[in-house]
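In: here's my sequence, what's the structure:
(chains A and B)
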Protein chains: 2
Amino acid sequence: MQRTHNCGQLTPEHIGQTVTLNGWVQTRRDLGGVLFIDLRDRSGIVQVVFNPAYSGEALQTADKVRSEYVIAVKGEVVKRDPETVNPNLPTGEIEVRITEIDVLNAAKTPPFFIEDGVEVDESLRLKYRYLDLRRPEMHKTLLLRSKAAKIFRDFLDGEGFLDIETPILTKSSPEGARDYLVPSRVHEGEFFALPQSPQIYKQLLMVGGVERYYQIARCFRDEDLRADRQPEFTQVDIETSFLSQEDLLSMMERLMQRLFRETVGVELALPFQRLTYAEAMGKYGSDKPDLRFGLELIEMNDIVAGSGVKVFASVIEKGGEVKCLNAKGCGTWTRKEIDDLGPFAARYGAKGLAWIQVKEGEFRGPIVKFFTEEEIAKVKERTGAEEGDLLLFSADTKKIVADVLGALRLRIGRQLGLIDDSVYKFAWVTDFPLLGYDEDQKRYVAEHHPFTRPREEDIALFDTDPGAIRAQAYDIVLNGYEVGGGSMRIYKRDVQEKMFNAIGLSPEEAQDKFGYLLDAFEYGTPPHGGIAFGFDRLVMLLAGRSNLRETIAFPKTASATDLLMNAPSEVETSQLEQLHIKVARKPVEAK
Amino acid sequence: MQRTHNCGQLTPEHIGQTVTLNGWVQTRRDLGGVLFIDLRDRSGIVQVVFNPAYSGEALQTADKVRSEYVIAVKGEVVKRDPETVNPNLPTGEIEVRITEIDVLNAAKTPPFFIEDGVEVDESLRLKYRYLDLRRPEMHKTLLLRSKAAKIFRDFLDGEGFLDIETPILTKSSPEGARDYLVPSRVHEGEFFALPQSPQIYKQLLMVGGVERYYQIARCFRDEDLRADRQPEFTQVDIETSFLSQEDLLSMMERLMQRLFRETVGVELALPFQRLTYAEAMGKYGSDKPDLRFGLELIEMNDIVAGSGVKVFASVIEKGGEVKCLNAKGCGTWTRKEIDDLGPFAARYGAKGLAWIQVKEGEFRGPIVKFFTEEEIAKVKERTGAEEGDLLLFSADTKKIVADVLGALRLRIGRQLGLIDDSVYKFAWVTDFPLLGYDEDQKRYVAEHHPFTRPREEDIALFDTDPGAIRAQAYDIVLNGYEVGGGSMRIYKRDVQEKMFNAIGLSPEEAQDKFGYLLDAFEYGTPPHGGIAFGFDRLVMLLAGRSNLRETIAFPKTASATDLLMNAPSEVETSQLEQLHIKVARKPVEAK
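Out: Numbers count the residues shown, from 1 in each chain, chains lettered A, B, ... in the order given. You can find the predicted model right below:
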């Protein structure tokens, strides 16, 4: 009784054919002694019918099956009566008259219905993931993920990239706080670490002359748990030699174009928009702006510096800034609606939120009285404020202004329906700062990693203004998500030394921390750079889901637990002894 | 100076064109003021020439470069003078007259030559793996591996298999002695384990209705170190539902056919030879026979049971057996040459090795005198012994006879030049025993794993002779290597219970050890089965290498050490504290 056809693919074309189907019982209805079973396999559902008129003993057998039984059936495809055609089912015009059945396996009643849109606690779904995966939407997502991986591979293979596996058992990194460690049985007291990314290996492959490398790589980060992070995640890791940043970026655009064309049937326009980090932060208050709508942040410093709004003037005096959003059409909001924005803005660091409504032809709101006529006119001109608009002001450090207005922009954009969910809006954000000043450590730290290449024309700034150096680093953003990022890497020793010096590493410390890579760099390192795409997130966006767990066959919970397998778990003491470790529990505190 | 062409691809077609090349200096020769550089990139080598007549300042710059410097050069492709054509180089008919050079990076003198066939200690090669990878033969192997992975994927994708990633952080298995463990930061005293294979996950995917799954999966085994094992290794993991063993095997044959066609250009004949386990052991003394040559083991029990060779008779009486190999043409060996086989055979458990030479028309050797004329005639007929042959006899338990003669067969086959290294000889070995009797534990144990399906017609033997049950398990062997293996899995509860009972597990113990899988099996499990290919080994055989390390970009040594990264290594105490473990060193023993 091996299948001859898939359930979901039967059409009127098959009428008159005898087919054998294998699958699961979705539903079973007995109508006056005639048994109708919706039979499901991964291709879809078809109705099979057991009727005393033609099913013989098969009807008695079929009478015993229940939901999720696995059966094999054989019968003839027939046209349904017009009144029983099911327009909601691709196979709805036909049914199969069964003459033979084999019950391959029985099933207990599942803990939830095997159908889309089922409302069930996620932890139950994860515990019974093997049932959850039977739901069509989960299967569709797995299919999409598999297809997306294939497209990445086909494209990169076509561009001459080699698929190379790098080790999972590797060395703990210098900032190894987030490393998962693996004790060694052979080497007492020593540990492997699981890689946070194949970064160093891929750079070594460039030193090794591979020129073009990619890998769909598993990475691991034992970090503070957030709703939408996984302890193990997948990235499409790419590195090239002898290729300019511009050529790499445009190659990646073609890759995205193909990916979206072949998965969701959307034709992306190339090239993608390019924004520098400074532009992205300035206009959208974010380095991963959602560009599906405008509502840009508007500079106000020059207009309001001399105004009577004291908080504006004083912020500007201290080097901060004042910016504003024009929430079109929100001028009709009640005072309460406007005030509700306050606590939201406060979450992003706002100490207050000034506003102006344009109502009945005039500016209204608590701060209006502190402006001169001329200032009002300038504000109006700059913001394009019209009847029914609402201007929202933030005045603070650059960072807080960006955070507050960036968040308000997203909230209001969503509230006003400015975001078209059917649109995929990609952009590159480039020229990230190379270094950031760490107030705690009183020194500069690498924003990306210490092998990121500075822009050629900024190298002189190492001696004068390290914080102003722009990196040859870039992120690729989609609809407000960062879906990938990378950089050109340093490949010249003198630049590398300047970089280490800038982040306060002595040559000895640098050798101690990054010795194997520095050694490698001395033997003829080509110019190289790369990118990594967050594969889970890309699939999530392609699938239109809102949670990474929906894109992973066997995900872990937000507390890094596998509810299906019940992992992690305790192990035998003998296993630990072999690994030369023991559990060191924290002492229970006295109450 | 971004490349316009690859070094190795320049041909007389390009004569007259101006090209820009990027690459490494392979060699540099100064002939009377004219500088010849062999420039290498991953595509190959081309000669570039700096001549005062046309190179200008580029000559001065080029004069400073040394081996492994990274340079970009620009110039015109010209035909070489006939007397300087290099027939050993694909680009040997042309050279490039350089007018511009950019030194992209300098290089120290490498610790070994970057060329094929270099004689250098492997540990040095592993420490400087990034230089080792520059050697053309290493690059060729990486390319082959990448291509092989692509072919697997293309084929499986075409057959409707979904590429699905399963977790690396998973649960320690019931026989977890070989598991790598990973302490959890969040869950004090608990551990993840790295998977020895995705076996359970792939079976759960079948329960989940995926129907066809594959993954090129990293697996981990912390086992006793052998010369040719890696602690992390790669397998192509495949599982299907609703497919018969025969259909799966023939699909896999087509996969192998495509793999070999598209990598090494060899057309494999289908179907592959099929041997039962009993046949393989009987004829070749091995469950992974090298079928490139004959030299089969010959049954002798019936002939020698009554002979005067007492050891033969007594072995047979105790249920053992006597077999023989006819080493054609070795009848001329000296006594010493024959005696040298003794210690070799002893390694496989032989207590002695009886032999007969056919010399000058008669049987000679110490045991001949114990045979009757009639017995000699039968031996002659059975073995086809002719002038110049050497018969080697092993008499012992079935296992020892198989081990001894299996090993002798390979040794003599190689010695006699019977093995054609250009031939790829595949076969399936099927019908492995389901259970083996463990003398220590005085019980049956699963030969494959406890979810392997017995042959339908053997199920009754659970009650009478469990050791005789044949499994629906199969290995795929190539030239004496096992390159893959798998089985149909149990999917019916009553069979699973018989299996657990046979291996001495009570229902409670079974639930405790395999609970999540047993639970899953109750919700409508389809008939399923699969296979896993050892990807590293397959690539090794395709590449004609003799060592798995040659097929892996960054392998570990036989003592599970990464010499490049220096891993494993000690870590900060603070890291261990966060993971709730400490190192428990073995006490140093008093001397």
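
In: quick check: next helix or strand after the least confident helix or strand in chain A by mean pLDDT?
Out: Least confident helix or strand, chain A: helix A:507-521 with a mean of 85, by mean pLDDT, DSSP states H and E. As assigned by DSSP states H and E, the chain's next helix or strand after helix A:507-521 is strand A:528-534.

In: with only the CA atoms kept, save that following strand in CSV.
Out: C-alpha atoms of strand A:528-534 as CSV (Å, rounded to 0.1, in the frame of the first residue of the first chain):
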residue,chain,number,x,y,z
HIS,A,528,39.0,40.9,2.9
GLY,A,529,35.6,41.5,4.4
GLY,A,530,32.3,39.9,4.8
ILE,A,531,28.8,39.8,6.2
ALA,A,532,26.5,37.5,8.2
PHE,A,533,22.8,37.3,7.8
GLY,A,534,20.6,36.3,10.7
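
In: show me what that strand is packed up against.
Out: Under the contact criterion of 3 or more CB pairs under 8 Å, 6 or more residues apart in numbering or on different chains; DSSP states H and E, strand A:528-534 touches helix A:199-207, strand A:232-241, helix A:245-264, strand A:473-478, strand A:481-488. (C-beta placed from N, C-alpha, C; glycine too.)

In: each with direction, which strands does the fourth one pair with?
Out: What that stands for is strand A:473-478. Here strand A:473-478 is paired, per DSSP bridges, with strand A:426-430 (antiparallel), strand A:481-488 (antiparallel).

In: and the longest helix for chain A?
Out: For chain A, the longest helix by residue count, based on DSSP state H, is helix A:136-158.

In: buried stuff in that helix?
Out: Neighbour-count burial for helix A:136-158, counted by 16 or more other CB atoms under 10 Å in any protein chain shown, picks out A:136, A:138-139, A:141-157.

In: now do that helix: which elements does it pack against?
Out: When contacts are defined as 3+ CB pairs under 8 Å, 6+ apart, helix A:136-158 packs onto strand A:162-163, strand A:212-220, helix A:245-264, helix A:535-543, helix B:136-158, strand B:162-163.

In: chain center to stretch A:233-249: distance?
Out: Centroid displacement of stretch A:233-249 relative to its chain, using CA atoms, centre = their mean, to the nearest Å, is 19 Å.

In: ignore the last one, stretch A:493-507
Out: Put simply, stretch A:493-507 sits 33 Å off its chain's centre (CA atoms, centre = their mean).

In: what about the residue in the stretch 151-300 of chain A that chain B sits nearest to, how many neighbours?
Out: Per CB to the nearest CB, A:Gly208 is where the stretch 151-300 of chain A lies closest to chain B, at 3.3 Å. For A:Gly208, the neighbour count with other CB atoms under 10 Å in any protein chain shown is 28.

In: residue contacts, it?
Out: A:Gly208 sits next to B:129-134 when contact means CB atoms under 8 Å, 6 or more residues apart in numbering or on different chains.

In: show only the entries of these found in strands.
Out: Using DSSP state E, no member of the contacts of A:Gly208 sits in strands.

In: how about those residues in a markdown table, adding neighbour count?
Out: Below are the contacts of A:Gly208 laid out as a markdown table (neighbours: other CB atoms under 10 Å in any protein chain shown):
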| residue | neighbour count |
| --- | --- |
| B:Arg129 | 25 |
| B:Tyr130 | 28 |
| B:Leu131 | 24 |
| B:Asp132 | 24 |
| B:Leu133 | 23 |
| B:Arg134 | 24 |
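
In: nearest to chain A, of these?
Out: Checking the contacts of A:Gly208 against chain A by CB to the nearest CB gives B:Leu133 as the nearest, at 3.3 Å.

In: now the helices and strands packed on helix A:136-158 as a markdown table including mean pLDDT and distance to A:Ile503?
Out: Below are those laid out as a markdown table (pLDDT from 0 to 100; distance: least, CB to CB, whole Å):
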| stretch | mean pLDDT | distance to A:Ile503 |
| --- | --- | --- |
| strand A:162-163 | 98 | 33 |
| strand A:212-220 | 98 | 24 |
| helix A:245-264 | 98 | 22 |
| helix A:535-543 | 97 | 29 |
| helix B:136-158 | 97 | 34 |
| strand B:162-163 | 98 | 40 |
